[in-house]
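Asks: okay, predicted coordinates and the sequence, questions at the end:
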4 protein chains.
Amino acid sequence: MIIVMRVGSSDEQLKKVIGRIEELGYRTHIMYGVERTVIGALGDERGKDKLLTLNHLPGVDKVIPILSPYKLAGTQLKEGPSQIRVSQDCVIGKGKLGLIAGPCSVESEEQILEAARAVKAAGANALRGGAFKPRSSTYSFQGLGEEGLKMLAMAREETGLPVVTEIIDHHDIDLIERYADVFQVGARNMQNFTLLKALGGTRKPILLKRGLSARIDELLLAAEYILAAGNPNVILCERGIRTFETATRNTLDLNAIPAIRERSHLPIVVDPSHGTGVWRYVSAMSKAAIACGADGLIIEVHPHPDSALSDGAQSLKPKVFKELVDELEPIARAVGCETLGARVLQQLRQPSAD
Amino acid sequence: MIIVMRVGSSDEQLKKVIGRIEELGYRTHIMYGVERTVIGALGDERGKDKLLTLNHLPGVDKVIPILSPYKLAGTQLKEGPSQIRVSQDCVIGKGKLGLIAGPCSVESEEQILEAARAVKAAGANALRGGAFKPRSSTYSFQGLGEEGLKMLAMAREETGLPVVTEIIDHHDIDLIERYADVFQVGARNMQNFTLLKALGGTRKPILLKRGLSARIDELLLAAEYILAAGNPNVILCERGIRTFETATRNTLDLNAIPAIRERSHLPIVVDPSHGTGVWRYVSAMSKAAIACGADGLIIEVHPHPDSALSDGAQSLKPKVFKELVDELEPIARAVGCETLGARVLQQLRQPSAD
Amino acid sequence: MIIVMRVGSSDEQLKKVIGRIEELGYRTHIMYGVERTVIGALGDERGKDKLLTLNHLPGVDKVIPILSPYKLAGTQLKEGPSQIRVSQDCVIGKGKLGLIAGPCSVESEEQILEAARAVKAAGANALRGGAFKPRSSTYSFQGLGEEGLKMLAMAREETGLPVVTEIIDHHDIDLIERYADVFQVGARNMQNFTLLKALGGTRKPILLKRGLSARIDELLLAAEYILAAGNPNVILCERGIRTFETATRNTLDLNAIPAIRERSHLPIVVDPSHGTGVWRYVSAMSKAAIACGADGLIIEVHPHPDSALSDGAQSLKPKVFKELVDELEPIARAVGCETLGARVLQQLRQPSAD
Amino acid sequence: MIIVMRVGSSDEQLKKVIGRIEELGYRTHIMYGVERTVIGALGDERGKDKLLTLNHLPGVDKVIPILSPYKLAGTQLKEGPSQIRVSQDCVIGKGKLGLIAGPCSVESEEQILEAARAVKAAGANALRGGAFKPRSSTYSFQGLGEEGLKMLAMAREETGLPVVTEIIDHHDIDLIERYADVFQVGARNMQNFTLLKALGGTRKPILLKRGLSARIDELLLAAEYILAAGNPNVILCERGIRTFETATRNTLDLNAIPAIRERSHLPIVVDPSHGTGVWRYVSAMSKAAIACGADGLIIEVHPHPDSALSDGAQSLKPKVFKELVDELEPIARAVGCETLGARVLQQLRQPSAD
């Protein structure tokens, strides 16, 4: 922690600040500059919250924290990138790409099966689909609940694709664990700390989406909640942040990919569907995401987007999704990633001879 | 809903769009402009989510919703401002100001009692204090839980001040209801819809804080969740939004006061402590809030802010708070509000003869 | 400047960084923390830009500047608040409020005269009106140019109100100086440094509006350009910043008032017309601005806002403006400011006996 | 323009609004909905600013513009993408990539020559370098002025690379035109309309950078100023927008690439140096930009970034830049773009046999 004194602060004020810092168990280190005095407070993080209150003392200008507040999510204890195995064909991180696709919400058995078959045929290696939906309006469709989970399990059985689905209440952990392979924590729940801690008690991978206005450090701090509670399998997800721009639903922050890579060993995937809100921009942004080093994509694909119960405007038709997967391959190769489910693709596409 | 066709879209495209709108149960109304054609879709909100998917159809440029998506929170069904009675001395709305003050977290029996006595003596009519704290870092102090609630109840018993405390898990409703008078929903939980719906089942007032990056419409939609679930006692709270400015912790959006007044009958209070993050700015922004029509304030006051376990940097000392209350009175009067607990003040201050 | 080394950086890296800092003419001061080493670079600001490039050196995590980059705008050389005299009746700062009102654009002789008379009668002590308008669209009305300036001068002659008008090109300084009393620099030109430097060569007061996405420090740095070039008469203006909120045109950042007061001696006025974009919110936000310590207001008033050539939606009718001025008086008094042109008001309103 | 009436507005209010719209020369079209009445105002854009003032009339809820306010920049008059020829080897748009590289500022003859040789050898097809620098602080290095321009011309003569340099004052047009091939308009001047109009009078290409908080529509409106004044050679540039994220200097908004492609025929290049502010992220974001369809890149490259006079922290060393160009080639090919100066590369790299 660095404490900057005001220009013109007195010696007595300085002494009092130093006394208080040492009282909190820190060593002090004083630098007398040309205009101001700066104090370094050396010690571990215990009492850190109290150090921040030093700006109540007369003569203090500002208090600047130095240490990263996350440990398990950072690169200090684990430097190399992590890789998370969701299923045999879906491994995410360290050169392996996750390609998670499917509808926003599970709407019916027919819909989710049609979607699952289509995304598998196109080359996806995991299926997404919401059974519990957090919706801005209480009057919007809120998901099918357990019925939806059963339909997802059915789709997994038929296609072999592991299932990624959202959890919005920690009391549903056991229920969802019975049907799904990856718990998705939505943007609105990134700082639902009760939920994060509870998910730390499971072993299944967690797909943690960045909050609408969360800084990168806050995303890593949210991951730290899960890691510190015992679950090392966290996959981060950039899904767009809220800005002043209105041409797109959110502003996809791809800067976050290299910035997170530098700060954390955790894999990070990108959601270009929410990140743009416009299906016509999804392919372009998917390519950009892979090109700048993302470990995968999570994309909304609906067999009939124009009659979807939610998020139809940003969902791809299966045909467009298949074209996208094909276009992604040379880009993935160019950045040293294994092409998306290439093996699976080969197996799948050969027999159908199309 | 207004559907705007692209310049140069064909008659056939138009026909298809009209067909789809009517299929969804809406009447259409077509306006042929100089450059473009615009379609009005008339009908109630059922199928609204599906209308938004029309931008998948060829020739459609954009789809613009018209109706406000909230009903109970809006002014259509209830025009006059609402007033919410928390206790005999704490009534909020319609010219009555709530002045809620106290520490960020309950830290000890001694601390909360000292705080409660001080804020009461200064003129507050409700006590705030957190027992369950949502903290960005898993390594920060997370609150005393039920022990903290008991201490709050003790403070209430001694001072008569009703207690406002945060809830972060809907399974704690019964527990918190035993000790507190107002449930506070924090900014991070503004869209925790499970929590909102559950709070709709209680009758105690809910203080609903605006999310860090929530638009005003989204705050009202969140209130609608509680109202639609049966609890009419919602108090909104502006507490600063996240912007690019770094001189303050958040940007207090006082524009929200007149903007909400125009859209909703619900009372709205302001939290200048979180809204600025700097205790030195709290008095100025409190006065601004009352001057532009807020129905009250929620302010962090700590007997010893420089040793607070959380948010010390933005907490007022009791002496500063008392000065603030005195300075607020002429401003409240100027905007036609009953001065803050003037009656209480008189009673309290007279005997102590200070 | 503080240089933070990465966790695990080597001694050799440290040595190299220290060498480079000293090469740039700074003394170094090393603090060995538990996890990291932090270096203080002590010396004046020469070479500061070069210090920022230290993050190219291996082992460096980040470089944190300490010194405020402005001097003349700050409180180090001049602590007390400044007061700027625009005319006998219009003095701004140190308890004196400027009340600048008038139409967005000068549209005709008749319009500006009608506006000037009305705002003077209501209690304004300066007249605003644009002759050169920066407009987002090349197809919008761009102002009357010199003709507009002449009309403003005419209005001044009749009413005695000093004239505030926008300058968008430094080659117009001589022209505008002939007709106006205060140069207004609009939000879009806050970092038009050529213009700022040129205005530093005049002696007339400059009303410097905060840029749409300018941090407070950047506003003060922009003021520093004018001050350093020789003109000490700078009045800052908060006029709303751009955020994600769409219910209002901009988000009026009143936090800026106490934050600037702490950092600078310059007076600061508030523009609630642009700060909200909605005339119905202007009165509320004007009161809030004065309550939190602003040194004045600049408000759009148009005799017939529903036929204004620009910004009609945010302009007040004269009648509403007069009511506002009356409502402002007790608030101004409550915060220790001289009521707005009270003397002028008295003189004006008595004879007309209304 | 769509005018939405309030719920419960009266027939008389409706009549008055209709009367006013027709008075302004528009035809009206009325849609009676279930809850509200909506009016379409049909006609061309004359009087558009006045239509926006309709929200002063009683009963009006909001006024929604429909027409895009730009014509020449849009796709209505010219659908296919435009291609702009800067020099024989530097053609931008329609599958041809501009690769503009060089230092932030021209610092000396030696520096700019070394930079020019290095970026040419790596595969750049244009040289950037600032002679007139807009700097936030009046105490920072402001550029070498005409001396800098001469050095740029020297570098062009030696390497054959066309020169891109910033203009900050329209009175410098003739001066800069003598030495440079492309006028760059910086982010801070995107709405310096005097400058834009003056540049419309030249024929040389204009590189127009998006403002720090400019919406995409506003960038296109700024381009329209240049186009409408007669210069069709506008190249847009996405360079990051200002958001709440502090891990990067700006948030590079790559969503803007497909969003602009849909709205405009103008080519768009990306500046990942300013878009991230961190040289370590520049390569990743350059690849992302090309992958999502950008027409080129403008990158800061400095022979010795750790002693640069400005922006060293975001400048690449020549070696890193060369590696980037090599990594870009397969990605460019994957999205159907001609590899960056492949022909030039071949010529250059062969003889030097490295």
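Replies: Structure's in. What do you need?

Asks: and residue A:263, how many neighbours?
Replies: A count of nearby residues for residue A:263, using other CB atoms under 10 Å in any protein chain shown, gives 18. For every residue, glycine as well, the C-beta is placed using N, CA and C.

Asks: who's in contact with residue A:173?
Replies: A:167, A:183, A:198-199, A:201-202 (CB atoms under 8 Å, 6 or more residues apart in numbering or on different chains).

Asks: chain B: which of those residues is nearest?
Replies: residue A:198 (9.6 Å; CB to the nearest CB).

Asks: next, the closest one: secondary structure please.
Replies: helix (DSSP: H, G, I helix; E, B strand; the rest coil).

Asks: swap in the one 3 residues further on?
Replies: Taking three-state DSSP as the rule, one finds residue A:201 in the coil state.

Asks: show the pLDDT at it.
Replies: On pLDDT, residue A:201 comes in at 96.

Asks: which ones are touching it?
Replies: Residue A:201 touches A:173, A:229-231, counting by CB under 8 Å, 6+ apart.

Asks: of all the contacts of residue A:173, which two lie farthest apart?
Replies: For the contacts of residue A:173, the maximum inter-member distance is 12.7 Å, found between A:167 and A:201 (CB to CB).

Asks: so where do the strands sit in the stretch 101-250 of chain A?
Replies: Using DSSP state E, counting those that start in this stretch, the strands of the stretch 101-250 of chain A run over A:126-128, A:163-166, A:182-185, A:206-209, A:234-238.

Asks: hmm, the second one touching chain B?
Replies: Going back to what we said before, that points to strand A:163-166. No: judged by CB under 8 Å from any CB of the partner chain, strand A:163-166 stays clear of chain B, getting no closer than 12.0 Å.

Asks: the longest helix in chain A is where?
Replies: helix A:318-334 (DSSP state H).

Asks: chain center to that one, what's the gap?
Replies: 22 Å (CA atoms, centre = their mean, to the nearest Å).

Asks: how many degrees apart are that helix and helix D:318-334 in direction?
Replies: 150 degrees (axes from the mean of the first three to the mean of the last three CA atoms, to 10 degrees).

Asks: which strands and helices sit next to helix A:318-334?
Replies: helix A:109-122, helix A:282-291, helix D:318-334 (3 or more CB pairs under 8 Å, 6 or more residues apart in numbering or on different chains; DSSP states H and E).

Asks: any idea what the residue most central in space within chain A is bridged to?
Replies: In chain A, the centroid-proximal residue (CA atoms, centre = their mean) is residue A:237; its distance is 2.4 Å. When bridges are called by DSSP bridges, residue A:237 pairs up with residue A:209, residue A:269.

Asks: and the gap between it and residue A:207?
Replies: 6 Å (CB to CB, to the nearest Å).

Asks: pull up the overlap in contacts between these two.
Replies: Shared contacts of residue A:237 and residue A:207, counting by CB under 8 Å, 6+ apart, come down to A:269, A:298.

Asks: in the stretch 201-350 of chain A, which segments are predicted with low confidence?
Replies: A:339-350 (pLDDT under 70).

Asks: repeat that with 80
Replies: A:306-312, A:339-350 (pLDDT under 80).

Asks: could you do the stretch 1-150 of chain A as well?
Replies: Scanning the stretch 1-150 of chain A with the threshold set as pLDDT under 80 gives A:7, A:33-35, A:43-53, A:55-56, A:65-69, A:76-80, A:140.

Asks: list, one by one, the residues from it near chain B.
Replies: Within reach of chain B by CB under 8 Å from any CB, the stretch 1-150 of chain A has these residues: A:20, A:45, A:49-50, A:52-57, A:63, A:69-70, A:134-142.

Asks: hang on, the earlier thing: okay, the helices and strands packed on helix A:318-334 in a markdown table with distance to residue B:281 and mean neighbour count next?
Replies: Below are those laid out as a markdown table (distance: least, CB to CB, whole Å; neighbours: other CB atoms under 10 Å in any protein chain shown):
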| stretch | distance to residue B:281 | mean neighbour count |
| --- | --- | --- |
| helix A:109-122 | 52 | 21 |
| helix A:282-291 | 40 | 28 |
| helix D:318-334 | 44 | 19 |
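
Asks: make TSV from the ones you listed and add distance to residue C:314 to it.
Replies: Shown next, in TSV, are the helices and strands packed on helix A:318-334 (distance: least, CB to CB, whole Å):
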stretch	distance to residue C:314
helix A:109-122	48
helix A:282-291	36
helix D:318-334	47
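
Asks: which among the ones you listed is found nearest to residue A:25?
Replies: helix D:318-334 (43.5 Å).

Asks: who touches the closest one?
Replies: Residues contacting helix D:318-334 (CB under 8 Å, 6+ apart): A:287, A:291, A:327, A:330-331, A:333-335, D:97, D:99, D:101, D:115, D:118-119, D:121-124, D:279, D:282-283, D:286-287, D:290-291, D:299, D:301, D:303, D:316, D:338-340, D:342, D:345.

Asks: tell me who's in contact with the residue in the stretch 51-200 of chain A that chain B sits nearest to.
Replies: Proximity of the stretch 51-200 of chain A to chain B (CB to the nearest CB) peaks at residue A:53, 3.1 Å away. Listed by CB under 8 Å, 6+ apart, the contact set of residue A:53 reads B:305-308, B:312-313.
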